[in-house]
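Visitor: Fold the following.
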Amino acid sequence: QARLVESGGGSVQAGGSLRLSCAPSRGTYCREGGAWYRQVRGKEREYVSVINTDGSTAYTDSVKGRFTISKDNAAKIVYLEMNTLKPEDTAMYYCKRACLTNDRYTEYWGQGTQVTVSS
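Guide: All right, here's what the predicted structure looks like:
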C-alpha cells in the first residue's frame, strides 16, 4: 500500500508553473513536514527542498527564488509550487515524509510525479 500520494505533475513550456502535492494515503498518518527530491533517468536522485514541522524551509541553489515549499497542517499535505520552470527542471519528482507504522515513524517515498518542461 502506497503511504504517500503525489499529484500535480505535467508538461509545461519554459517559464510556466506547476504545483505538486504530497498527501498521506487514507489511513496513513504522517508528520507535517516533508521533502521533495527529483530524479532524471540514469542519474541519482537529488534533493530539491525541505519543510520542517516548525515551518522552516530550505532549497537547493538551482531552485531558490523559483520554487516554494509549503504545508497544509490540517490536510497534512506538503506542496511544491514551481514557477519560472526551466527545461533542466524536467525530472520525476518524489516526496519523502515520515509516516507512522507500527507505532514508529518511518520515512517513505511517494510514487513520483513526472514534470516535463519544454523549451
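Visitor: Could you report the neighbour count for residue 48?
Guide: Residues near residue 48, counting by other CB atoms under 10 Å, number 24. Yep, even glycine has a C-beta here, placed from its N, CA and C like the rest.
Visitor: so what's it closest to, chain neighbours aside?
Guide: residue 36 (4.4 Å; CB to CB, 6 or more residues apart in numbering).
Visitor: mind checking the SS state of that neighbour?
Guide: strand (DSSP: H, G, I helix; E, B strand; the rest coil).
Visitor: all numbers from here: first residue = 235
Guide: Got it, first residue is 235 now, which makes that one residue 270.
Visitor: roughly how far apart are residue 258 and residue 310?
Guide: 5 Å (CB to CB, to the nearest Å).
Visitor: one step back: wouldn't the residue nearest to residue 282 be in contact with residue 305 here?
Guide: No: using CB atoms under 8 Å, residue 270 is not in contact with residue 305; the gap is 11.6 Å.
Visitor: okay, and the common contacts of those two?
Guide: residue 312 (CB atoms under 8 Å, 6 or more residues apart in numbering).
Visitor: Report the buried residues of stretch 320-333.
Guide: Residues of stretch 320-333 classed as buried by neighbour count (16 or more other CB atoms under 10 Å): 323-333.
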